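In: Build me a model from this:
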Amino acid sequence: MPYEIRPNTDDDCGVSRNFDPEIDTDLRLALTFGRVRGPNRESIEPLRSEDLAAMPRTLLVGKRRRGGIPHIHGWYTGPWIVSERVRELIEGLEPGVHEFVPLEVKSVDRKTRHGTYYVILLTQALDAIVAKNDDGIYLLKASAIRGRHLWRNVPPNELNYFCSDELHDRLQAEGLDGWDFERCIVRKV
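Out: Residues are numbered from 1 along each chain as shown. Purely as a prediction, here's the structure:
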């Protein structure tokens, strides 16, 4: 069964985060919403060269209440920022499908380096949602998600992110924190 992805809202797990320099509003929108294309609105254009040139390469993060920087963090609507290990898992399941832009992650005071993380641009937009049941659980089309591991839905539900059970299980097995998951139901539609 696939999962809906949500940011972890546990107060002990979150970190404040800001791009340095501050990210331009238009670029933030491109990272968050992408540019959906295709006859069935099934893919999102990669970042343009001018977007990549304007992309900040540093992310300043605040101190977490417990533990280190989460492996996955970002804003509720995106973009998501992932560790090298999360990038490797996603690339292992869907090589070359998504775009990853490297960032150097530092403490707010710039004294501590936390290594390289990546802004991930999900390039799969699937028309996968059938409905949401009375319990608030998404019903997804089996034919739309078959063989896919990480995607978002097409408009008007483009802010809904999902992953396969295989990606979910690998993230969980390695303790790669930052996302909460809600199991979805698959329907043959």
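In: bridging residues for the most centrally placed residue in the chain?
Out: Nearest to the geometric centre of the chain sits W80, at 4.1 Å (C-alpha atoms, centre = their mean). Assessed by DSSP bridges, W80 has beta-bridge partners G74, I120.
In: Any figure for the gap between it and Y117?
Out: Noted for W80: a distance of 10 Å to Y117, by C-beta to C-beta, to the nearest Å. All C-beta spots, glycine's among them, are computed from the backbone N, C-alpha and C.
In: do L31 as well
Out: Distance from L31 to Y117, by C-beta to C-beta: 14 Å.
In: Pick out whichever of the two has more residues nearby.
Out: Neighbour count, other C-beta atoms under 10 Å: between L31 and Y117, Y117 has more, with 28 against 24.
In: Pretty sure K106 is one of the things the more buried one touches, is it not?
Out: No - using C-beta atoms under 8 Å, Y117 is not in contact with K106, being 10.6 Å away.
In: Mind listing the shared neighbours of those two?
Out: Residues touching both Y117 and K106 (C-beta atoms under 8 Å, 6 or more residues apart in numbering): L59.
In: and N160, how many neighbours?
Out: 17.
In: Same check on the one 5 residues further on?
Out: D165 is surrounded by 15 other residues when neighbours are defined as other C-beta under 10 Å.
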